[in-house]
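Student: Build me a model from this:
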Amino acid sequence: MKLQKLGGFAALAAMCLAVIYLFLVTSVSFESSDLAKIMAAVSAAPAVFKALNYLVIGCYFLLLLLIVALHELMKADAPNLARFMLIAGTVGSAMTIAESMVHLRSIQIIIPMQDLSAYRACVATASGIGSLGLHACGWSALL
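Tutor: Numbering: from 1, shown residues only. Model (predicted):
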């Protein structure tokens, strides 16, 4: 029962982090698909973008705790479905956290050098990892 209570608190904390994330995203409005403008915005306010990535990492860690608590709740009634949900949630959280870590490293290494081609490669890699993570989290939520 303690794990289920922890999952409930994790869900509430994840929602709070998501609201903070939304407030920070709206405060940094660069709304551009031009990678040079995005890199300029990140170099102008790297602390905000680092905070955004740390919020994503925290939110998906808390969602992983929620998924583990749901697995504990569901494993007696639907063991296979709960196991697939746990696997998909773990993969999704790990990949989304990895995407944020790639973005953090690009802020630390690539942004100070102002290398647009390296930043483009980093963003493409992180985007692919993040797409996989969101897809797996979607399957976890569906299950």
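Student: Please count neighbours and contacts with C-alpha atoms only from this point.
Tutor: Will do.
Student: Run through the protein and note the low-pLDDT ranges.
Tutor: Low-confidence segments of the chain, defined by pLDDT under 70: 1, 29-31.
Student: Check it for its longest helix and report it.
Tutor: Identified as the longest helix of the chain according to DSSP state H is helix 79-113.
Student: how far does that helix sit from the chain's center?
Tutor: 6 Å (Cα atoms, centre = their mean, to the nearest Å).
Student: buried set for it?
Tutor: By 16 or more other Cα atoms under 10 Å, the buried positions in helix 79-113 come out as 82-83, 85-104, 106-107, 110-111.
Student: now for that helix, which elements pack on it?
Tutor: Using 3 or more Cα pairs under 8 Å, 6 or more residues apart in numbering; DSSP states H and E, the elements in contact with helix 79-113 are helix 35-44, helix 46-74, helix 116-142.
Student: Which strands and helices lie in contact with the last one?
Tutor: When contacts are defined as 3+ Cα pairs under 8 Å, 6+ apart, helix 116-142 sits against helix 35-44, helix 79-113.
Student: and the angle from it to helix 79-113?
Tutor: 160 degrees (axes from the mean of the first three to the mean of the last three Cα atoms, to 10 degrees).
Student: try the first one
Tutor: Regarding helix 35-44 and helix 79-113, their directions subtend 80 degrees when assessed with the same axes, to 10 degrees.
Student: helices and strands around helix 35-44, which ones?
Tutor: Packing partners of helix 35-44 (3+ Cα pairs under 8 Å, 6+ apart): helix 79-113, helix 116-142.
Student: ok, residues contacting that helix?
Tutor: Residues outside helix 35-44 that contact it (Cα atoms under 8 Å, 6 or more residues apart in numbering) are F30, S32, F49, I107, I111, P112, Q114, L116, Y119, R120.
Student: That's all I had, so thanks and see you.
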